[in-house]
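> Sequence and predicted structure below; questions after.
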Amino acid sequence: PPAWIGQNIFSYAQPMVAGYCICCPESGETVVNDMREIAPTYYFAPPRVFEALLTQVSVRMEDAGALKRWFYKYFMGVAKRVGTKILDGQEIGVLDRIGYGLGDLIVYGPLRNVLGMSKVRIAYTGGEAIGPDLFSFYRSLGINLKQLYGSTETSVFVCVQPDGQAKSDTVGPAVPGVELKFTPERELLIRSPGLFKEYYKNPDATREAKDAEGWFHTGDAGYFGQDGHLRIIDRAKDVGKLADGTLFAPKYLENKLKFFPFIKEAVAFGADRDRACAFVNIDMEAVSNWAEKRNLAYSGYTDLAQQDAVYDLVGECIAQANADLAREPELAASQIHRFLILHKELDADDGELTRTRKVRRRFIGERYASLVEALYQGNNSVHVEAQVRYEDGRTGTYAADLKIRGAKTFAPAAARKAA
């Protein structure tokens with residue numbers, strides 16, 4: 001977005017210092033084609049863009065022939081095992097290097113070209129946490145994707161991952177001149193020469209965010225790892241615990257679900273409750289393509305989202321995410337137990353997302369409080385009435401019973417067998 005600080009730094013300020021050409025897409029719909037035409041060497045985008053690109057790849061692979069799908073699955077397995085090691089300059093076996101080289105010829109190279117990233121030397125993502133599986137996917141293809149952390153108030157980035165130290169669960173160490181520390185509640189505080197002076201004509205907000213000693217209160221919760229890298233787990237106000245004391249980090253769960261091409265958005269609930277549950281938005285492009293290949297008739301998003309076959313599809317994705325969570329001791333008890341697919345896509349115009357497409361979880365929980373309660377009361381459905389906007393711009397009233405399904409969960413010892 002033009003008002004985003006990332007746009008101001010990477011499109012206006014940095015080119016004057018480093019010297020490079022800025023290329024603008026013709027429209028939002030032509031970004032992928034424009035990327036292939038331009039073949040950028042430097043790329044920066046929030047995680048949602050990388051998720052959308054991966055969804056397009058997954059849709060294309062669904063349409064591919066059996067032989068192409070087999071090649072893709074096999075060589076992506078090779079890439080997942082050794083691709084990031086090669087990118088980081090680590091030693092691997094001769095056979096693995098030959099296998100990866102063959103995969104680069106058959107799969108990775110053409111795939112980078114399709115994504116418009118065949119000449120990317122370095123790529124950054126920021127603005128929101130990126131799912132570890134999504135991060136590893138791009139790096140395994142040989143794309144030097146790294147994370148950075150910061151905000152408008154800090155002049156974009158205060159932490160950047162160095163080459164050879166890119167990790168899915170960190171945002172790197174602090175850059176020179178930046179001081180970081182944590183409150184007892186684990187909220188991250190920042191002080192640096194690049195810190196904002198004040199919020200425009202809003203002294204109350206300035207005093208709330210910036211203390212007398214010049215520390216900016218980010219509202220993010222995290223910690224330093226033994227490697228000195230900063231780890232952000234969620235917004236400080238959102239990190240909580242289940243009723244049994246288990247750590248509950250909703251953004252981490254949501255990113256797990258959003259890695260799947262059929263899930264566009266997810267909203268996790270569970271703080272102070274006995275289990276975690278979730279709302280899901282399906283990805284219309286991916287699911288409609290999946291449905292058409294199976295001759296499933298539907299009239300629009302709402303109709304497609306409530307079909308039993310789609311619930312089965314989403315349930316399989318959640319089961320896979322739960323199997324991954326079961327391998328993580330601190331999060332094994334926070335697996336998703338029940339879910340529903342919302343009747344509409346979450347929209348920034350409705351206040352449900354920020355303009356950088358971050359989920360406004362608290363607002364959604366209040367707006368759809370009856371749906372949240374239905375998830376925890378053991379209901380199989382819940383009645384909803386809402387205004388919907390159709391593709392042609394018309395609006396109407398939607399009233400129906402949304403289905404609620406249980407999700408498959410795993411005991412920690414059984415997770416490895418389920419994978």
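Yep, that arrived. These numbers come from a predicted model, not from an experiment.
> Do me a favour and average the pLDDT over the lengthiest helix in the chain.
Longest helix of the chain, by residue count under DSSP state H: helix 66-87. Per-residue pLDDT over helix 66-87 has a mean of 92.
> quick one, helices of the stretch 101-250 of the chain?
For the stretch 101-250 of the chain, applying DSSP state H, counting those that start in this stretch gives helices covering 109-115, 132-140, 203-209, 250-258.
> actually the stretch 301-419 of the chain, not the one I typed
For the stretch 301-419 of the chain, helices defined by DSSP H, counting those that start in this stretch occupy the ranges 301-305, 308-325, 361-367, 369-376, 415-418.
> Output the fourth one as CSV - backbone C-alpha positions only.
Okay, so that is helix 369-376. The C-alpha coordinates for helix 369-376 follow below in CSV (Å, rounded to 0.1, in the frame of the first residue of the first chain):
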residue,chain,number,x,y,z
ALA,A,369,-19.6,-14.1,19.3
SER,A,370,-22.5,-16.4,18.7
LEU,A,371,-20.5,-18.5,16.2
VAL,A,372,-17.6,-18.7,18.7
GLU,A,373,-19.9,-19.9,21.5
ALA,A,374,-21.4,-22.5,19.2
LEU,A,375,-18.0,-24.0,18.6
TYR,A,376,-17.5,-24.6,22.3
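> Would you mark the buried spots in it?
Residues 371-372, 374-375 are the ones in helix 369-376 that count as buried (16 or more other CB atoms under 10 Å). Using the backbone N, CA and C atoms, a C-beta is placed for each residue, glycine as well.
> so which of those residues would you say is closest to C24?
If you rank the buried residues of helix 369-376 by distance to C24 using CB to CB, L371 comes first, at 40.1 Å.
> Am I right that the closest one is in contact with A386?
No. The criterion here is CB atoms under 8 Å, and L371 misses it with A386 at 10.4 Å.
> May I see the helices of the stretch 101-250 of the chain arranged in a markdown table, with distance to V239, mean neighbour count and mean pLDDT as well?
Below are the helices of the stretch 101-250 of the chain laid out as a markdown table (distance: least, CB to CB, whole Å; neighbours: other CB atoms under 10 Å; pLDDT from 0 to 100):
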| stretch | distance to V239 | mean neighbour count | mean pLDDT |
| --- | --- | --- | --- |
| helix 109-115 | 33 | 17 | 92 |
| helix 132-140 | 18 | 21 | 88 |
| helix 203-209 | 19 | 12 | 95 |
| helix 250-258 | 8 | 24 | 87 |
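> want to try JSON lines for these, with distance to V359 as columns?
Output for the helices of the stretch 101-250 of the chain, formatted as JSON lines (distance: least, CB to CB, whole Å):
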{"stretch": "helix 109-115", "distance to V359": "25"}
{"stretch": "helix 132-140", "distance to V359": "16"}
{"stretch": "helix 203-209", "distance to V359": "21"}
{"stretch": "helix 250-258", "distance to V359": "7"}
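> To C21, which of those lies closest?
Across those, closest to C21 is helix 109-115 (CB to CB), at 19.9 Å.
> got the CA positions of the closest one in CSV?
Extracted in CSV, the C-alpha atoms of helix 109-115 (Å, rounded to 0.1, in the frame of the first residue of the first chain):
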residue,chain,number,x,y,z
GLY,A,109,14.1,-23.6,-12.4
PRO,A,110,10.8,-23.7,-14.4
LEU,A,111,8.9,-23.0,-11.2
ARG,A,112,11.1,-19.9,-10.3
ASN,A,113,10.5,-18.7,-13.9
VAL,A,114,6.7,-19.1,-13.5
LEU,A,115,6.8,-17.2,-10.2
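> and the residue nearest to L253 when sequence neighbours are not counted, how far is that from I336?
Distance criterion CB to CB, 6 or more residues apart in numbering; nearest residue to L253, sequence neighbours excluded, is A268 at 4.2 Å. Remark: distance between A268 and I336 (CB to CB, to the nearest Å) = 7 Å.
> do you know which of the helices of the stretch 101-250 of the chain lies nearest F216?
helix 203-209 (6.2 Å).
> centre of the chain versus the closest one, how much separation?
Chain-centre distance of helix 203-209: 30 Å, with CA atoms, centre = their mean, to the nearest Å.
> which other residues reach it?
For helix 203-209, contacts defined as CB atoms under 8 Å, 6 or more residues apart in numbering pick out 153, 198-199, 216-217.
> Using TSV, lay out these together with pLDDT.
Output for those, formatted as TSV (pLDDT from 0 to 100):
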residue	pLDDT
E153	93
E198	94
Y199	94
F216	97
H217	96
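> Between all of those residues, which two are separated the most?
It's E198 and H217 that sit farthest apart of these, by CB to CB, at 14.2 Å.
> where does this structure dip in pLDDT?
1, 356, 387-393, 413-419 (pLDDT under 70).
> thinking again about what came up before, what helix or strand does the residue nearest to L253 sit in?
Assigning secondary structure by DSSP states H and E places A268 in strand 263-269.
> thinking again about what came up before, let me know which of the helices of the stretch 301-419 of the chain is the nearest to I22.
That would be helix 361-367 among the helices of the stretch 301-419 of the chain, by CB to CB, at 34.3 Å.
> send the alpha carbons of the closest one over as CSV?
Only the C-alpha atoms of helix 361-367 are listed here, as CSV (Å, rounded to 0.1, in the frame of the first residue of the first chain):
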residue,chain,number,x,y,z
ARG,A,361,-9.0,-11.4,15.9
ARG,A,362,-10.6,-9.5,18.8
PHE,A,363,-13.0,-7.6,16.5
ILE,A,364,-14.0,-10.8,14.7
GLY,A,365,-14.5,-12.6,18.0
GLU,A,366,-16.9,-9.8,19.1
ARG,A,367,-18.7,-9.5,15.8
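> What lies in contact with that helix?
Contacts of helix 361-367 (CB under 8 Å, 6+ apart): 237-238, 250, 267-269, 279, 346, 351-352, 372.
> Then stretch 181-198?
152-155, 158, 177-180, 206, 210, 213-223, 230, 232, 236, 239.
> Distance from the chain centre to that stretch, please.
24 Å.
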